[in-house]
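>>> Let me see the structure of the following:
(one chain, ligands or ions: 1)
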Amino acid sequence: MYTYLVIGGGVIGTFIARELSHHEGEVLLVEKEDALAQVQTKHNSALVHPALMAPPDKGELKSSLAREGNELYHELLKHWDIPVVRHGALLLARSEDEVESLREHLKAGENRGITDTLFLSKEEVKKREPKLCDSVAAGLLMPSAMSANTKALTDMLAQNARLNGADIRKGVEVAAIESLGEGAGFRVKSTEGEEFETKYIINAAGIACEKIAGLVESEVPYKTEPNRGEYVVLGPEAKDFVHHIIYPLPTKKSKGVLLIPQPDGTLRLGPTSTDQRSTTDAPVTEEGKASIKNDIDRLVKGVPLQYISHTYAGIRSTIDYGDFYIKPSNEVDGFIHVAGIESPGVTSAPAIARYVVHEVLGKLTKVERKAQVKEFELE
Ligand SMILES: Cc1cc2nc3c(=O)[nH]c(=O)nc-3n(C[C@H](O)[C@H](O)[C@H](O)COP(=O)(O)OP(=O)(O)OC[C@H]3O[C@@H](n4cnc5c(N)ncnc54)[C@H](O)[C@@H]3O)c2cc1C
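Below is the predicted model:
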């Protein structure tokens, strides 16, 4: 019998499996796809957001885990050669009218103890990014932001988890969960008829969290509200068009359409934000592409769209709870929800793993660090 079974091999489940593998107990992660990080973790902006872009009014837990997560990535990068772009980010006032709001963001950050943000005048910001529109009136430099290859990161996490004894199984889709009696654990069945017994289940199935929870709970405490984000990607020919990650001022609903230089030299433009019913279909639409172009044209001039290499879309695993939902089930002992992990989920992932293991599981069972941990070794 396993001690812990993690459902979902995105960045969240894999970070959790790695953290668990550093502690006593047998760990199994199951992922339905034939590779890790194929769903939300791959179809996103791949940003480690700065703390300023994760304010508490968007969710207290989200905000604190994103801030801690950003710091943990900088620590992790001392040990692992994760492909990243670390030029920082600029938050822009696109006109004089937005400068006051930009200053309010700076002030709100200072009130939260964020001290690394730098206010840049129109001249200073243009000096850093000559392609900005002439109407851009000021900017905030947020040095801790970076973009990262999230697939490479997830594979490294899995390697480290395996070296610490975890089993990582790909191509295993959970189809049913049977309780073995109160507090006795679960029998998890795959679509292929394989069975695994486990004391605890950690549900990190992303957009499928509600569906998985519905296998054991009669009333799942949240509803999924899928929201699609579309992107246009420019090939490496556009590599030096901008150097920083570029954000407009965020709206109530989203962080807006960004320019995001990637470690492979490509430049992602997006995402849009469209509510939809489907949790699986992620089309890129003509409207989406037009609105990306429209928004980007308000940030930079002469975006080299002749270098478009491809488009893609991801579905945010938003729920109706208003924050990350990381709690044990109210109905079934030993079942842990890690749900509603929308943006900034990549950013928060290292801190989510610690939170799940120490704050959630640590209150249900004895979580004891192994005497010998290979903390950063890779295969
Ligand atoms: C458009 C968009 C932009 C974003 N931008 C950012 C950003 O810049 N920065 C940031 O911090 N966050 C961002 N996010 C959020 C971030 O991508 C997610 O929070 C993060 O990837 C969630 O990871 P996850 O592991 O929970 O989900 P996923 O990566 O979706 O992983 C869940 C896994 O569970 C598996 N699974 C599902 N059902 C089963 C089953 N029955 N059996 C076995 N396995 C199963 C799936 O195959 C999948 O691999 C963005 C999200 C979107 C959609």
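
>>> Near the ligand, which residues of the stretch 51-200 of the chain are found?
The interface of the stretch 51-200 of the chain toward the ligand, taken as C-beta under 6 Å from any ligand atom, is made up of 173-174. Heads up, the C-betas are built off the backbone N, CA and C, glycines and all.

>>> Would you map the helices across the stretch 51-200 of the chain?
60-76, 99-111, 122-128, 150-163 (DSSP state H, counting those that start in this stretch).

>>> quick one: low-confidence ranges for the protein?
For the chain, not a single residue meets the criterion pLDDT under 70.

>>> Might you report the residue contacts of whichever residue of it sits closest to the ligand?
Among residues of the chain, the one nearest the ligand by C-beta to the nearest ligand atom turns out to be Gly345. It sits 1.7 Å away. Going by C-beta atoms under 8 Å, 6 or more residues apart in numbering, Gly345 touches 11-12, 40, 317, 324, 352.

>>> what bridges to Val300?
For Val300, the residues forming beta bridges with it (DSSP bridges) are Leu132.

>>> neighbours around it, how many?
Other residues within reach of Val300 by the criterion other C-beta atoms under 10 Å amount to 19.

>>> contacting residues for it?
In this structure, Val300 makes contact with 129, 131-133, 241-242, 246, 259, judged by C-beta under 8 Å, 6+ apart.

>>> If we use 10 Å, what do you get?
For Val300, the contact set (C-beta atoms under 10 Å, 6 or more residues apart in numbering) comprises 92, 129-133, 136, 241-242, 246, 259, 269.

>>> Confirm for me that Gly214 is in contact with Pro221.
No. Counting by C-beta atoms under 10 Å, Pro221 is not a contact partner of Gly214; they are 11.2 Å apart.

>>> The residue nearest to Arg86 when sequence neighbours are not counted and Leu106, how far apart?
Once its chain neighbours are removed from consideration, Arg86 has its nearest residue in Met146; the separation is 4.6 Å (C-beta to C-beta, 6 or more residues apart in numbering). The span separating Met146 from Leu106 equals 20 Å under the rule C-beta to C-beta, to the nearest Å.

>>> quick one: which of these two has more around it?
Met146 (25 against 18).

>>> Could you list everything that one pairs with in the sheet?
Val48.

>>> what residues are up against it?
Taking C-beta under 10 Å, 6+ apart as the definition of contact, the neighbours of Met146 are 46-50, 70, 73-74, 77, 82, 84-89, 245, 261, 263, 347.

>>> okay, Gly214 and Pro221: which has more neighbours?
When Gly214 is set against Pro221 and neighbours are counted by other C-beta under 10 Å, the residue ahead is Pro221, at 17 against 13.

>>> these two touch, right, the more buried one and Phe335?
No. Applying C-beta under 10 Å as the test, Pro221 and Phe335 come out as separate, 11.6 Å apart.

>>> shared neighbours of these two, which are they?
Taking C-beta under 10 Å, 6+ apart as the contact criterion, the residues that touch both Pro221 and Phe335 are 213, 329.

>>> Check the offset of the helix or strand hosting Ile246 from the chain's centre.
For Ile246, the host element (DSSP states H and E) is strand 245-247. Going by C-alpha atoms, centre = their mean, to the nearest Å, the spacing between the C-alpha centre of strand 245-247 and its chain's C-alpha centre is 17 Å.

>>> next helix or strand past that strand?
Downstream of strand 245-247, the first helix or strand assigned by DSSP H and E is strand 258-261.

>>> Report whether that following strand contacts the ligand.
No. Interface with the ligand: strand 258-261 contributes nothing (C-beta under 6 Å from any ligand atom), its closest point being 7.4 Å away.

>>> got a list of what Arg277 touches?
Arg277 is in contact with 224-226, counting by C-beta under 10 Å, 6+ apart.

>>> can you rerun that using 7 Å?
Contacts here follow C-beta atoms under 7 Å, 6 or more residues apart in numbering; on that basis Arg277 touches Pro226.

>>> Look at the spatially closest residue to Glu124 that is not a sequence neighbour and say how many residues are nearby.
For Glu124, ignoring the flanking residues on the chain, the nearest one in space by C-beta to C-beta, 6+ apart is Gly139 at 7.7 Å. When neighbours are counted by other C-beta under 10 Å, Gly139 registers 28.

>>> next one: Glu368
One way to gauge burial is a neighbour count; for Glu368, by other C-beta under 10 Å, it gives 10.

>>> Also Phe196?
Applying other C-beta under 10 Å, we find 19 other residues in the vicinity of Phe196.

>>> just Arg86 next, same as before
If you count neighbours by other C-beta under 10 Å, Arg86 ends up with 15.
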